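> predicted model and sequence below, questions to follow.
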Amino acid sequence: MRASVIQMNSVNDKAANIEQAESLACAAIDADRPDLISFPENMSWCGGSVTDRLAAAEQIEDGPTYALCRRLAKGNGLWVHAGTIPERAPEETRNRNTTVVFDPNGEIAARYSKIHMFDMTTPDGQVYCESEVNEPGESVVAFDLMGFRAGLTICYDIRFSELYAALARDGVTLLFVPAAFTMQTGRDHWHTLLSARAIETQSWLIAAAQWGSFPVPDGTRQMYGRSLVVDPWGTTVAQASDGTGHVTATIDPERTKDVRARMPTLNHRRDWL
C-alpha cells in the first residue's frame, strides 16, 4: 500500500484550510498515485479564540471537510484519512475532535473521537486547555484497511501507551496519529514517542502533522511538523521537511511479519499485569 502523508499549516480560516488541503492532496495524487492519503489533526481549523473554535464545529456529514474528503476518496478511488474535524457534540456545549476514514467508494469506514485532552502548561510557559473546547471520546477504534488492521489515535493520545496496548490486543498492524504538536514538545518528544509506539505494537505508524504558525488571541503559536511514516521496527522511512507538502511511503505487510517473527514480543505480553 502506498500512503501519502499531508503536512499542512491550518489557521482560523476554514475555507482557506480546505482549499489548501485539496491542493496538497491533488499534488500528492498526481505525483505518487497513492492508495491512501492521511491529513493532520485540525485540518479544517486551527487557532482563534475559544468562541471561534466552538463555532467552527460541523455536523460532520453536512460539513465542508466531510464533503472534500469524500470527494477525494470517491473521485480518485482511494482511502482518505481525514485528520481531525471539529465535530459538534450531542449536547452542543463542547465539540469533539474527531477523525473519519473514507473508503474508495466515499463511504465512512471508521470514526474516532480523541480520548485524551491536551490540558497543560508547556515548559516555555504556553497554556493549552483542549477541554475548554472539546469533550473526550470514549471508544477505542480499529478497522480493516487493505489487508491491515488499522487503529485510530490522535496527537496527545501518543503519550498513553495503554491505548496502544488495547489496539495491539485488537490485532492492529497499522496506526494513525494525526497531530498538531507544539514546537517544543515536538522537538523533544515527537520522534521518540512515535518510534516507541511503533516498536511496542510492532505496527506501521502514519503521522500527518501540522507545521508553522497559527493565530491565537495573545499572539501566535508554532507547530513542529515533521510528518512521518515509521515501520514496525521503529525506523523512520519517510519524513517531511519544513513547510507544507507531502511525503509518500510504501507500507509493506511483509515487513510487519518479519519483525514479529524475529522478535515475538506480542506473544509474550501478560495483559493481566
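Right, received. Where do you want to start? Numbers count the residues shown, from 1 in each chain.
> pLDDT wise, what is the nearest residue to Asp32 once chain neighbours are set aside at?
Excluding its sequence neighbours, the residue lying closest to Asp32 (Cβ to Cβ, 6 or more residues apart in numbering) is Thr248, at 4.1 Å. Just so you know, the C-beta spots here come from the backbone N, C-alpha and C atoms, and that holds for glycine as well. With respect to pLDDT, Thr248 scores 98.
> okay, and the beta partners of Val80?
Counting by DSSP bridges, Val80 is bridged to Ile37, Phe102.
> surely it touches Ala73?
Yes - with contact defined as Cβ atoms under 8 Å, Val80 counts as touching Ala73 (4.2 Å).
> got any residues that touch both of these two?
Residues touching both Val80 and Ala73 (Cβ atoms under 8 Å, 6 or more residues apart in numbering) are Phe102.
> so where's the stretch 1-150 of the chain uncertain?
Within the stretch 1-150 of the chain, the segments meeting pLDDT under 70 span 91-92.
> in it, which spans are helices?
Ranges of helices in the stretch 1-150 of the chain, per DSSP state H, counting those that start in this stretch, are 14-32, 50-55, 64-76.
> check the ones you listed for me and report the most buried one.
helix 64-76 (a mean of 19; mean count of other Cβ atoms under 10 Å).
> name the residues that touch it?
By Cβ under 8 Å, 6+ apart, helix 64-76 touches 14-15, 18, 21-22, 25, 29, 37, 39, 43-44, 58, 60, 78-80, 82, 85, 100, 102-106.
> so how far is that helix from its chain's centroid?
17 Å (Cα atoms, centre = their mean, to the nearest Å).
> contacts only, for the residue nearest to Asp32.
Contacts for Thr248 (Cβ under 8 Å, 6+ apart) come out as 2-5, 28, 31-32, 34, 238.
> the closest residue to Tyr128 other than its chain neighbours: how many residues sit nearby?
In space, and not counting its chain neighbours, Tyr128 is closest to Phe118: 5.2 Å by Cβ to Cβ, 6+ apart. Counted with other Cβ atoms under 10 Å, residues neighbouring Phe118 total 21.
> which ones are touching the residue nearest in space to the middle of the chain?
Centroid-nearest residue in the chain: Pro178, 1.5 Å away (criterion: Cα atoms, centre = their mean). The contact partners of Pro178, taken as Cβ under 8 Å, 6+ apart, are 38-41, 43, 81, 83-84, 99, 154-155, 207-209.
> Ile18 too?
Neighbours of Ile18 in contact, by Cβ under 8 Å, 6+ apart: 44, 64-65, 68.
> quick one: the helices in the stretch 151-273 of the chain?
Under DSSP H, counting those that start in this stretch, the stretch 151-273 of the chain gives helices at 161-169, 183-185, 191-201, 253-262.
> counting by contacts, list what the third one packs against.
Packed against helix 191-201, as judged by 3 or more Cβ pairs under 8 Å, 6 or more residues apart in numbering; DSSP states H and E, are the following elements: helix 161-169, strand 174-176, strand 204-207, strand 228-230.
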